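Trainee: The following block contains a protein sequence and its predicted model.
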Amino acid sequence: MSLTAKQLKRHNRHLTIDSIGKEGQTIFGDATILIAGLGGLGCPAASYLCGAGIGSITLCDSDKVEISNLPRQTLFKEEDFGQSKVVVAKRVLNLMNTDTKITIFNKELDDKLLNNFYTVILDCTDNIRARLKLNSHCYEKKIPLVSASATAWEGQLIGFDYRHKRKLCMSCFTNQEHYHVSNSCTQRGVVNSVVGMMGTLQATTVLRLLLGHFDQHGEMIRYDGKTGRFITLTKKPDPTCFVCSEPTNQSKETFINNTNVRNPENDTFL
Ligand SMILES: [Zn+2]
């Protein structure tokens, strides 16, 4: 799809960047993004992706706007209290950029929604069940997944480019000590600007993935808002991961050898 005269004016600041240009901006316009969760991560991510000229954005969230959302969830205002988050967000995003098609899904994440085509999926949820569901789907369909979370002063971001990388996935991290499941936001609280920054980083990661500039598959970026420092954590794939691991020839041989060792004539073990 070529850029209209209005789009050429609107996205002038992108077009002048060599690594984006008209070609990159056209890629943004052709992209279809799913944002699962419209809280402190999903609001800034949706806002920046809509502003960046993404062609189609689907928003999934079953919640209504509450007063305690307002410090972080920048698409909502006091007058929106009690209304569906996705309905309000669609109205705001449509006012921002009429070229971006906004589709809303006012329910919990389900298979019907996931069966649609997406170029990239954003995990902006706050629960591990949804996160693992998104991971399994993205891995199976070879869709890039960008996941983030934030609790108190700390934010985390991980991207997986399953189009090209088949080892190491979100499930490999979920039992690790250094992975903090962020469903304790309600209990432990969260600093509004920290979660906002992680949502913005998710949007930036999407743009990089679309342009082919992403080479951090499975690297965890952790931001400590108290010290202002970023660190990057890497890990090896979990050989027992039920999503991305498969028995290698070597492990099959080991298994057979071990079976033979443990199967002498009088062995009652087997
Ligand atoms: Zn895995």
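Mentor: Sure thing, it's come through.
Trainee: Start and end of stretch 2-16, how far apart?
Mentor: Criterion Cα to Cα, to the nearest Å; first-to-last residue distance in stretch 2-16 is 17 Å.
Trainee: How far does that stretch sit from its chain's centre?
Mentor: Put simply, stretch 2-16 sits 27 Å off its chain's centre (Cα atoms, centre = their mean, to the nearest Å).
Trainee: heads up, I number from 8, so please use that
Mentor: Yes, from this point I'll number from 8; that puts the last item at stretch 9-23.
Trainee: Okay, buried residues for it please.
Mentor: Buried residues in stretch 9-23, counted by 16 or more other Cβ atoms under 10 Å: 10, 14, 17-18, 21-22. In this view, the C-beta of every residue, glycine as well, is placed from N, C-alpha and C.
Trainee: tell me the mean pLDDT for that stretch?
Mentor: For stretch 9-23, mean pLDDT is 96.
Trainee: Also stretch 239-253?
Mentor: 92.
Trainee: coming back round to it: would CSV of the buried residues of stretch 9-23 with secondary structure be doable?
Mentor: Shown next, in CSV, are these (DSSP: H, G, I helix; E, B strand; the rest coil):
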residue, secondary structure
L10, coil
Q14, helix
R17, helix
H18, coil
H21, helix
L22, helix
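Trainee: ok, so of those residues, who is nearest the ion?
Mentor: Nearest to the ion among those is H21, at 34.4 Å by Cβ to the ion.
Trainee: Excluding chain neighbours, what is closest to the closest one?
Mentor: For H21, ignoring the flanking residues on the chain, the nearest one in space by Cβ to Cβ, 6 or more residues apart in numbering is I27 at 4.7 Å.
Trainee: Surely the one you found is in contact with N19?
Mentor: No: applying Cβ atoms under 8 Å as the test, I27 and N19 come out as separate, 11.1 Å apart.
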